[in-house]
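Asker: pasting the sequence and the predicted model now:
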Amino acid sequence: MGEHLWPVLMLIGLVAGIFSGYPVAFVLAGVGILFAFLTDIPILFLSLGVGRIYSGVLANWLLVAIPLFVFMGLMLERAGIAERLLRSLAAVFRGMAGGYGFAVAIIGVVMAASTGIIGASVVLMGMMALPAMRENNYDMRLGSGLIAASGTLGILIPPSIMLIILGDQLRISVGDLFMGAVVPGLLLGALYTGYLIAVAIFAPHRMPPATRAAAMPFGQALWALTRDLLVPIALILSVLGTIVAGIATPTESAAIGAAGALALAAFSGNLRFVALRDALYDTTRTTAMIVFVMIGASIYSVVFRRLGGDAMITDIFLIDGRGPYTVLLTIMVLIFILGFFLEWVEITLVVVPIVAPVLAALDFGMTSEQVLIWFAIALAVNLQTSFLTPPFGYALFYLRGIAPDLPISVIYRGVIPFVLLQILALALVLIFPQLVLWLPMSLR
């Protein structure tokens, strides 16, 4: 224990700083610099951190995709695509038990693949669907849980900001991560839909037919749905298709997506100065938050490794000659618990660089690159739960913010089935790695 005293104290200092409520970026950098002085690390050694900040963050071409994808999502939100989709889907499912529920689940997948902005997806779907669900006498536990869970799909289904950061941290192809996330993302959406079907069959009183939805002939409703789906699908294919075909890098495809979203907003008549200004402001704020956390994490990790933190982590996970799957499961349980208290950005930038080398060195019967791709997608599925688990589940707070009259206890109980479905999806990904690896390996 004595040999690992300083790394342990660094971890304690990090946790204490985060729980103090101080900005995470400054906690990371401050703890790193503080322990550099406490342990008499030469001040010139910190120049390595400065070099990593410049080459790994500020001059990293890959990270330019982050503001572009954020901007794309915000502009699509303002283009009214989701609102039109909800109306079309409600008309198609009119008279069917769970009509609005199925509509929200489908929109969650489409919005995730179009935007990837968790807060925007949850707030937008909540503002559109919650009043309709109340009007149709839905069980609000089911309704709130479905909206919160569907809104978190953007963290997994590409284009995902988390996958971009993971690709940078693990030094693996973001394109491979995008392709690897497609099947697990659709699997999770299918699990949500399957749960809704079960409720519609065995407890239809919890989500009655959407009789108050817009009345129109089925054929007309189907045509409206097809028309409203074409636009986001075309944009999704233009972004992901250029990456898969090797025509564009993730950064270049992000620029295509941002330009396409801007054009769609203009075409829909929603490209106003106020909307553009707000989108640019929110893009800048989100990007600045992520970049500052990355800068702080760079300083922290340089000092942590200098003090033997990576060796300590290796000793912890490989003690007693544990098998590779035991180590992987231990890491997943640790990350699941951390998700109760920390944001995905903090976990991704602090924990992943420490545990990834441990996993890459283990024998899973795959190459180290395949192991890292598999781990990254399993991590993304795992971290979805962090948006839904109290006390700091951000999707719960987003939903509570737009529905202050909805008791928080109702929201907490409503997300439990969806957290269990996310855990089931994680188990399937861990048991069947080909769910992740099949698509990226077959497209090479």
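Answerer: In hand now; what should we look at?
Asker: now Ala36: closest residue in space, sequence neighbours ignored.
Answerer: Nearest residue to Ala36, sequence neighbours excluded (C-beta to C-beta, 6 or more residues apart in numbering): Val303, at 5.0 Å. Glycine gets a C-beta too; all of them are placed from N, C-alpha and C.
Asker: and the one you found, how many neighbours?
Answerer: For Val303, the count of nearby residues is 27 (other C-beta atoms under 10 Å).
Asker: could you do Phe102 as well?
Answerer: 23.
Asker: pLDDT on the strand or helix carrying it, on average?
Answerer: If you go by DSSP states H and E, Phe102 is part of helix 99-114. On average, the pLDDT along helix 99-114 is 80.
Asker: ok, stretch 387-397 next?
Answerer: Here the average pLDDT along stretch 387-397 is 76.
Asker: and stretch 179-196, by the same measure?
Answerer: Summarised as a single mean, pLDDT over stretch 179-196 is 92.
Asker: now swap in stretch 151-164 and tell me
Answerer: Mean predicted lDDT for stretch 151-164 stands at 84.
Asker: stretch 416-426 now?
Answerer: Mean predicted lDDT for stretch 416-426 stands at 94.
Asker: from Gln422, how far off is the residue nearest the centre of the chain?
Answerer: For the chain, Ile155 is the residue whose C-alpha lies nearest the centre (C-alpha atoms, centre = their mean; 1.6 Å). Computed with C-beta to C-beta, to the nearest Å, the distance linking Ile155 and Gln422 is 11 Å.
Asker: ditto for Gly13
Answerer: 31 Å.
Asker: please apply the same query to Gly401.
Answerer: 22 Å.
Asker: those two: who's more crowded?
Answerer: Comparing Gly401 with Gln422 by other C-beta under 10 Å, the one with more neighbours is Gln422, at 26 against 12.
Asker: ok, that one - contacts?
Answerer: Ala149, Leu188, Val381, Gln384, Thr385, Leu388 (C-beta atoms under 8 Å, 6 or more residues apart in numbering).
Asker: average pLDDT for the longest helix along the chain?
Answerer: Taking DSSP state H as the criterion, the chain has its longest helix at helix 273-306. The pLDDT scores in helix 273-306 average 85.
Asker: count of neighbours near Leu437?
Answerer: Leu437, neighbours per other C-beta under 10 Å, totals 20.
Asker: next, the buried residues of the helix or strand hosting it.
Answerer: Here Leu437 sits within helix 434-442, counting by DSSP H and E. Buried residues in helix 434-442, counted by 16 or more other C-beta atoms under 10 Å: Leu435, Val436, Leu437, Leu439, Pro440.
Asker: what do Ile155 and Gln422 both touch?
Answerer: Common neighbours of Ile155 and Gln422 (C-beta under 8 Å, 6+ apart) are Gln384.
Asker: my guess is Val419 meets Phe387, correct?
Answerer: No. Using C-beta atoms under 8 Å, Val419 is not in contact with Phe387; the gap is 9.9 Å.
Asker: quick check: next helix or strand after the strand or helix carrying Leu379?
Answerer: Assigned by DSSP H and E, Leu379 belongs to helix 368-384. Using DSSP H and E, the next helix or strand after helix 368-384 towards the C-terminus is helix 394-402.
Asker: same for that next one, what does it pack against?
Answerer: When contacts are defined as 3 or more C-beta pairs under 8 Å, 6 or more residues apart in numbering; DSSP states H and E, helix 394-402 packs onto helix 118-135, helix 140-151, helix 408-431.
Asker: and it, how far from the chain's centre?
Answerer: Centre-to-centre, helix 394-402 and its host chain are 16 Å apart (C-alpha atoms, centre = their mean, to the nearest Å).
Asker: name the residues that touch it?
Answerer: 118-119, 122-123, 126-127, 130, 144, 147-149, 151-152, 343, 387-388, 390, 406, 408, 411-412, 415.
Asker: cool, stretch 356-374 as well?
Answerer: Identification of contacts with stretch 356-374 by C-beta under 8 Å, 6+ apart yields 169-170, 172, 176-177, 180, 310, 313-314, 317-318, 324-325, 327-328, 331, 375, 429, 433, 436-437, 440-441.
Asker: pull out the buried residues from those.
Answerer: Buried among the contacts of stretch 356-374 by 16+ other C-beta under 10 Å: 169-170, 172, 176-177, 180, 310, 313-314, 317, 324, 327-328, 331, 375, 429, 433, 436-437, 440.
Asker: return the subset of the residues you listed lying in helices.
Answerer: Mapping the buried ones among the contacts of stretch 356-374 onto helices (DSSP H) picks out 169-170, 176-177, 180, 310, 313-314, 317, 324, 327-328, 331, 375, 429, 436-437, 440.
Asker: just give me the neighbour total for Leu421.
Answerer: 17.
Asker: count the residues that sit near the residue nearest to it when sequence neighbours are not counted.
Answerer: Spatial nearest neighbour of Leu421, chain neighbours left out: Leu191 (4.6 Å); criterion: C-beta to C-beta, 6+ apart. Applying other C-beta under 10 Å, we find 19 residues neighbouring Leu191.
Asker: surely Leu191 meets Leu424?
Answerer: Yes. If you go by C-beta under 8 Å, Leu191 and Leu424 touch, sitting 6.5 Å apart.
Asker: buried residues in the helix or strand containing Tyr195, which are they?
Answerer: Assigning secondary structure by DSSP H and E places Tyr195 in helix 174-202. Residues 174-185, 187-189, 191-193, 195-196, 199-200 are the ones in helix 174-202 that count as buried (16+ other C-beta under 10 Å).
Asker: show me what that helix is packed up against.
Answerer: helix 99-114, helix 140-151, helix 161-170, helix 218-244, helix 250-267, helix 368-384, helix 408-431, helix 434-442.
Asker: okay if I get those as JSON lines plus distance to Ile290?
Answerer: Shown next, in JSON lines, are the helices and strands packed on helix 174-202 (distance: least, C-beta to C-beta, whole Å):
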{"stretch": "helix 99-114", "distance to Ile290": "18"}
{"stretch": "helix 140-151", "distance to Ile290": "19"}
{"stretch": "helix 161-170", "distance to Ile290": "7"}
{"stretch": "helix 218-244", "distance to Ile290": "20"}
{"stretch": "helix 250-267", "distance to Ile290": "14"}
{"stretch": "helix 368-384", "distance to Ile290": "15"}
{"stretch": "helix 408-431", "distance to Ile290": "23"}
{"stretch": "helix 434-442", "distance to Ile290": "24"}
